[in-house]
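[1] Sequence first, predicted coordinates after that:
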Amino acid sequence: MQIRLDKFLADAGIGTRSEVKSIIKRKAVTINGVHAARPETKLNPDTDEVAVNGRIVALRGHVTYLLHKPAGYVSAVKDNRFPTVMELIPQGRDLFPVGRLDRDTEGLLLITNDGMMAHRMLSPRSHVDKTYLVLLDYPAEDAYIALFSDGVDIGDDTPTLPAELVICEADHPAFQYLPEEYRDGLCAGQMVLLTIQEGRYHQVKRMFHAVNREVAYLKRLSFGPYVLPLSLKKGDVILCAPEKPSDAVQ
C-alpha cells in the first residue's frame, strides 16, 4: 500500500498537512535514511522507515485508556464550565470518551480513538453489560430484584431493559470499592450492584427513584470486558488492549 508522505506524517500525529509540509521543506524528514523533499512522495508504511529529526515515526494504532474517573469531571472532549476527563489522560489526537458518566459519578470510563470499538460498546443492539456499585439512602428491598429484572418504568416511552440487582452483604468483594467516608454506619442492604445494558439519561438514579430510593454514591465497576482495577487510584489511567477480557466483579 503506497501513501503520500504528508498524509503518513499527519496520520502519525506529527502535525496537520500544512505543518508536516513545512517540516518536509526543512529537510527534517528521511525515508530509509534519504532526505525527502516533496510532500507527495509515496512510501509503503509497512516496509519503509520514516524518521523526523532522526526519530523513527510509526502510524498510530488504536489505543484505549481505562480511566478511574473522579467526581467533578464531565465526560466530554471540551466543556466551557467544568473540567473534562480529557485533562486526566496522556495527550493524543482523536481521543474521546466511550459514552459518558455523570459529573458526580465515579469509576470506569474508557477513552479511545477506536470508533468501531466505541460503536460496538455503545450500540443498543450489542447489549453490553455495565455494572455499577450503588449506595442508597435507605436499604433496598428484596422485591426490587424481580422488579428490576422485569424492567422499570422511569418515565420514558418504554420501560428499561431487564437489569440484574444484587443486594450486597458487608463482606461482598465490591465493598472494597466503596470510599472510606461512606463505610461508617452503613446499613445492610444500602449497598447494591446493578447491571444494566443501556445508557439512558441518569438511568441508574431514575431506576432507584422509581422505587422511592435515592442514590447517595455511584461508581461504575465494569463495562463489557473491562473491569476497574481496585488498585487504580481516582484520576489515574492505564493503557489497555482494546476489548481484552478481564476478571469480572463477582
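    Structure received.
[2] all helices for the chain, in order.
    In the chain, the segments counted as helices under DSSP state H are 5-11, 17-25, 115-122, 143-150, 203-209.
[3] Any idea how far the last one is from the middle of the chain?
    To tie it back to what came earlier, the one meant is helix 203-209. Distance of helix 203-209 from the chain centroid (Cα atoms, centre = their mean, to the nearest Å) equals 21 Å.
[4] Contacts made by that helix with the rest, please.
    For helix 203-209, contacts defined as Cβ atoms under 8 Å, 6 or more residues apart in numbering pick out 102, 132, 134, 136, 148, 152, 154-155, 160, 163, 194, 196, 200, 214-215, 218. For the C-beta atoms, the positions are set from N, CA and C on the backbone; glycine is no exception.
[5] Can you give me the buried ones in that helix?
    203-208 (16 or more other Cβ atoms under 10 Å).
[6] Likewise for the third one?
    Buried residues in helix 115-122, counted by 16+ other Cβ under 10 Å: 117-118, 121.
[7] I'd like the average pLDDT over it.
    Mean per-residue pLDDT for helix 115-122: 86.
[8] Just give me how far it sits from the chain centre.
    11 Å.
[9] Tell me the one of the buried residues of helix 115-122 nearest Glu169?
    For the buried residues of helix 115-122, the minimum distance to Glu169 (Cβ to Cβ) is 30.9 Å, reached by Met121.
[10] Hmm, Ser222 and that closest one touching each other?
    No: judged on Cβ atoms under 8 Å, Met121 makes no contact with Ser222 at a distance of 11.9 Å.
[11] got a pLDDT number for the most centrally placed residue in the chain?
    Centroid check for the chain by Cα atoms, centre = their mean gives Leu110 as the closest residue, at 1.3 Å. The model reports Leu110 with a pLDDT of 96.
[12] ditto for Asp247
    Asp247 is given a pLDDT of 37.
[13] before we move on, back to that, any of the contacts of helix 203-209 buried? List them.
    Looks like those have 102, 132, 134, 136, 148, 152, 154, 160, 163, 194, 196, 215, 218 buried, using 16+ other Cβ under 10 Å.
[14] Adding pLDDT and distance to Val227, write those out as CSV.
    Putting these into CSV (pLDDT from 0 to 100; distance: Cβ to Cβ, whole Å) gives the following:
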residue, pLDDT, distance to Val227
Asp102, 95, 20
Tyr132, 98, 13
Val134, 98, 17
Leu136, 98, 23
Phe148, 98, 22
Val152, 97, 25
Ile154, 97, 27
Thr160, 97, 23
Ala163, 98, 19
Leu194, 98, 16
Ile196, 98, 16
Val215, 98, 21
Leu218, 98, 17
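[15] Max pairwise distance over those: which two?
    Asp102 and Phe148 (19.5 Å).
[16] Apart from its chain neighbours, what residue comes closest to the residue nearest to the centre of the chain?
    Val98 (4.0 Å; Cβ to Cβ, 6 or more residues apart in numbering).
[17] Distance of that neighbour relative to Ala71?
    19 Å (Cβ to Cβ, to the nearest Å).
[18] Right, I'll leave it there.
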